[in-house]
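J.: A predicted structure for the sequence below; I have some questions about it.
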Amino acid sequence: MLKNRNVQIAIGVVLLVLVGLGGFLFVANRSAEPVEEEASETLVQTITAEEIGLTLEATPDSKKVMFKIAKAEGIESIEYELVYEADSTAQEQSEGGEPRVQRGITGEADIESGAASFESEELDLGSCSRNVCRYDEGVESVSITLKLIKNDGNIYNVEETLEL
C-alpha cells in the first residue's frame, strides 16, 4: 500500500505542476497586448489611356509593337505586360497543343527625371536569338497593361488594346 501511496503522491505533484504551468502560460498570453499590423499595401488606382496619352503602335509588317506615353510628367518607372494570341507552331500542335496560344512580353523601364514623354523600344511579337527572329503568325490584336509608379509613390494601372 505504501508503494501505491508514493505513486499517488508523485502523480498528484506532476498534475499540480502541469496545471500551474498551464495557468501561468494562459495568464501570460492574455496579458500581452496584441501587436497591430500596419497595412503595407498601397492602393493601386486605375486610369485611362487618354489621361497619360498612351498609344500602342505596330510596325507596318505587324511583327513589332511599341508604346508611347505623351504625358509622362511625374512618372518614375513603368512595369509592362503585353499579351497577345497567335497561331501555335507545327511543333506545338504535334505535341498536342491547341491551335491558338497566348503569348506575352514583360518588362520595365525607368523614366528620366523631368521627361515630358516616353517611347518604348520595339517589342518583337515572336522570339529572337542571335539576331534571328521567328515571328508569331496570326496575331490579330495585342493588349498592354502598364503599372505606373509616380514620383509621389502613387501607383496606377492603365490598359490599352491595338487591333492589327
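T.: Here it is on my side, so go on.
J.: contacts, neighbours, all on C-alpha from now
T.: Fine.
J.: can you give me the helices for the chain?
T.: For the chain, the helices defined by DSSP state H occupy 2-31, 49-52, 90-94.
J.: For stretch 120-130, measure first residue to last.
T.: One end of stretch 120-130 sits 21 Å from the other (Cα to Cα, to the nearest Å).
J.: and it, which residues are buried?
T.: Residues of stretch 120-130 classed as buried: 123-126 (neighbour count, 16 or more other Cα atoms under 10 Å).
J.: Let's have those in JSON lines, adding pLDDT.
T.: As requested, the buried residues of stretch 120-130 are exported to JSON lines (pLDDT from 0 to 100):
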{"residue": "Leu123", "pLDDT": "96"}
{"residue": "Asp124", "pLDDT": "95"}
{"residue": "Leu125", "pLDDT": "97"}
{"residue": "Gly126", "pLDDT": "94"}
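J.: And those, which is closest to Ile78?
T.: Distance to Ile78 across the buried residues of stretch 120-130 (Cα to Cα) is lowest for Leu123, with 15.0 Å.
J.: And this protein, split by domain according to the record?
T.: Using automatic domain parsing, the domain parsing of the chain gives 1-34, 44-163.
J.: mean pLDDT for these: which is lowest?
T.: Among the domains of the chain, domain 1-34 carries the lowest mean pLDDT, at a mean of 66.
J.: Give me the number of neighbouring residues for the residue lying closest to Ile69 once chain neighbours are set aside.
T.: Of all residues not flanking Ile69 in the chain, Leu54 sits nearest, at 4.6 Å (Cα to Cα, 6 or more residues apart in numbering). Neighbour count for Leu54, taken as other Cα atoms under 10 Å: 21.
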